[in-house]
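S.K.: With the sequence up front, the predicted model follows.
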Amino acid sequence: MAAMTETSVNYDVERVRGDFPLLRQIQGGLPLAYLDNAATTQKPQAVLDALQGFYTEDCSNIHRSVHRLGERATAHYEAARAAARRFVNAASEREIIFVRGTTEAINLVAQSFGRSQLRPGDEVLITGLEHHSNIVPWQLACEASGAKLMVAPLNDRGEVEIETFAQKLGPRTKIAAFAHISNALGTVNPVAEMVALARAAGVATLVDGAQAAPHARLDVRALDCDFYALSGHKMYGPTGIGVLYGKEAWLERLPPWQGGGDMIRSVTFEKTTYNELPYKFEAGTPNIAATIGLGAAIAYLENLGLERVAAYEKELLAYGSAQLEAIPGLRMIGTARHKAGVLSFVLEGVHPHDVGTVLDSLGVAVRAGHHCAQPVMERFHIAATTRASLGLYNTRAELDRLAQGLRRVQEMFT
């Protein structure tokens with residue numbers, strides 16, 4: 001395993017790895033090297049304890065009960081909201097909406113914004129870098145409203161050029177939605193510049209932060225975006241929980257997306273009045289345990305220090321890139337000047353699924369496919385890539401095993 005001497009960053013990766021029970025697995029007689037963090041991350045013991053603690057000690061519905069269990073559950077749930085507000089540096093907890101994940105957050109904005117703000121002939125601007133979750137909801141909103149979906153294309157490095165993005169912002173553009181970091185390529189978009197350009201043009205902005213949340217310090221007030229979406233399971237938290245940040249002025253202005261319990265103030269057969277923020281957008285019983293688990297994941301990341309995590313992962317990415325680029329017949333897909341922890345590649349003469357299957361037999365878990373980003377694959381004239389994606393517990397030794405495994409793949413298929 002890797003040691004602290006591998007890196008110039010004061011970061012004890014072995015201690016960090018000890019916090020994650022799943023990483024102790026042996027697969028095929030070999031230690032598991034988990035390199036599929038862009039799909040989902042593993043969970044530290046603190047998050048697992050928070051989930052178990054809710055179900056064994058505090059299990060109750062929230063916001064409705066007068067008994068002690070309900071009061072404790074509500075307190076833990078709202079403490080997670082306070083943690084999420086702090087994590088993204090929102091101005092108020094009223095701006096933090098709990099959702100199932102980034103996909104639901106974008107659908108919420110697309111549907112609510114689309115119904116109230118989009119008209120025939122209006123435009124929605126996205127980029128060629130997007131995950132399907134930031135394409136399909138806008139297609140649905142455009143189909144319903146008569147608006148048109150516009151796309152800022154990628155260059156050969158897998159970057160959205162800021163000049164091209166600016167040119168696509170037109171007088172009919174109502175909202176621009178774009179990824180902070182690409183899940184397929186690892187490209188880090190110049191989101192601050194993109195938001196500033198959109199704001200100068202009077203265009204609302206939504207940032208898909210699913211891949212950024214575990215890798216970078218977030219500050220939505222400094223960024224000045226109107227909406228920011230993230231997923232708990234990408235940042236060492238549970239599945240089925242995420243956060244939509246929205247500026248309070250926008251959230252007050254937009255209509256609810258779903259109706260039901262907890263998002264209402266009063267209901268008659270003639271009329272319903274809606275609850276105050278943030279509950280206006282939180283219909284029904286939420287995923288209470290996962291929300292509390294998300295709060296624990298945020299605390300875990302904050303205790304580690306996201307700046308130290310980012311510095312460690314930057315060195316890890318540079319090391320992994322050098323290892324893979326030295327393999328004859330391997331072509332990196334996505335060579336942006338600013339990248340986060342994604343190594344996406346094709347191996348000459350071998351299908352990515354075969355690469356992934358052989359690596360799995362060697363105890364190395366990677367992703368093979370289009371990564372829910374088919375337009376990105378089409379841009380590079382390929383059907384799929386093999387993707388190794390890094391997290392805060394990965395090591396240089398695991399990247400050595402990845403490179404060794406790829407050479408084994410070549411021996412088997414050539």
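M.R.: Cool, the structure landed.

S.K.: ok, Ala192 touching Arg221?
M.R.: No: here Ala192 lies out of contact with Arg221, judged by C-beta atoms under 8 Å, at a distance of 12.0 Å. In short, each C-beta sits where N, CA and C put it, glycine included.

S.K.: Excluding covalently adjacent residues, which one is nearest to the most centrally placed residue in the chain?
M.R.: Closest residue to the average C-alpha location of the chain: Ala210 at 1.2 Å, with C-alpha atoms, centre = their mean. The shortest distance from Ala210 to any non-neighbouring residue, by C-beta to C-beta, 6 or more residues apart in numbering, is to Thr102 (4.1 Å).

S.K.: That neighbour and Met235, how far apart?
M.R.: To Met235, Thr102 is 11 Å away according to C-beta to C-beta, to the nearest Å.

S.K.: In this structure, what residue spans correspond to helices?
M.R.: Per DSSP state H, the chain carries helices over the ranges 13-17, 45-53, 68-88, 102-117, 136-145, 162-168, 191-200, 220-223, 248-253, 288-304, 306-325, 352-361, 374-379, 396-413.

S.K.: Determine which of those approaches Ala184 most closely.
M.R.: helix 374-379 (4.7 Å; C-beta to C-beta).

S.K.: any idea of the mean pLDDT in that closest one?
M.R.: Mean pLDDT, helix 374-379: 94.

S.K.: nearest to Gly240, of the helices of the chain?
M.R.: Set against Gly240 and scored by C-beta to C-beta, the helices of the chain come closest in helix 288-304, at 4.9 Å.

S.K.: Average pLDDT for the closest one, rounded please.
M.R.: Helix 288-304 carries an average pLDDT of 97.

S.K.: Show residues contacting it.
M.R.: Residues outside helix 288-304 that contact it (C-beta atoms under 8 Å, 6 or more residues apart in numbering) are 16, 19, 43-44, 46-47, 49-51, 53-55, 59, 61-62, 73, 76-77, 79-81, 83-84, 86-87, 98, 214, 232, 235-241, 243, 309, 392.

S.K.: Can you list the buried residues in that helix?
M.R.: Neighbour counts over helix 288-304 (16 or more other C-beta atoms under 10 Å) mark 288-301, 304 as buried.

S.K.: Now do the contacts for the residue nearest to Ala210.
M.R.: Counted by C-beta under 8 Å, 6+ apart, Thr102 has contacts 133, 208-210, 229-231, 234, 242.

S.K.: what about it, distance to Gly121?
M.R.: In terms of C-beta to C-beta, Thr102 sits 29 Å off from Gly121.

S.K.: same thing with Ala204?
M.R.: From Ala204 to Gly121 the distance is 17 Å (C-beta to C-beta).

S.K.: More neighbours: which of the two?
M.R.: Ala204 (20 against 10; other C-beta atoms under 10 Å).

S.K.: pLDDT wise, what is that one at?
M.R.: With respect to pLDDT, Ala204 has a value of 98.

S.K.: Let me have the contacts of Thr102 in TSV, extended by pLDDT and distance to Gly320.
M.R.: Shown next, in TSV, are the contacts of Thr102 (pLDDT from 0 to 100; distance: C-beta to C-beta, whole Å):
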residue	pLDDT	distance to Gly320
Ser133	97	26
Asp208	98	24
Gly209	98	23
Ala210	98	21
Ala229	98	28
Leu230	98	24
Ser231	98	24
Lys234	98	19
Gly242	98	28
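
S.K.: Just the buried residues of those.
M.R.: Members of these classed as buried by 16+ other C-beta under 10 Å are 133, 208-210, 229-231, 234, 242.

S.K.: Can you tell me which of these is nearest Pro375?
M.R.: Minimum distance to Pro375 across the buried ones among the contacts of Thr102 is 12.7 Å, recorded for Ser133 (C-beta to C-beta).

S.K.: who's in contact with that closest one?
M.R.: Applying C-beta under 8 Å, 6+ apart to Ser133 gives the contacts 102-103, 106, 208, 210, 372.

S.K.: Out of the residues you listed, give me the two with the largest separation.
M.R.: Between any two of those, the greatest separation by C-beta to C-beta is 12.6 Å, found for Ile106 and Cys372.

S.K.: neighbour-wise, which of these two wins?
M.R.: Ile106 (27 against 17).

S.K.: for this protein, which spans come out with low pLDDT?
M.R.: Within the chain, the ranges that satisfy pLDDT under 70 run 1-7, 263-264, 268.

S.K.: quick one: furthest residue from the center of it?
M.R.: Glu270 (40.5 Å).

S.K.: Could you pull up the residues touching that residue?
M.R.: No contacts exist for Glu270 under C-beta under 8 Å, 6+ apart.
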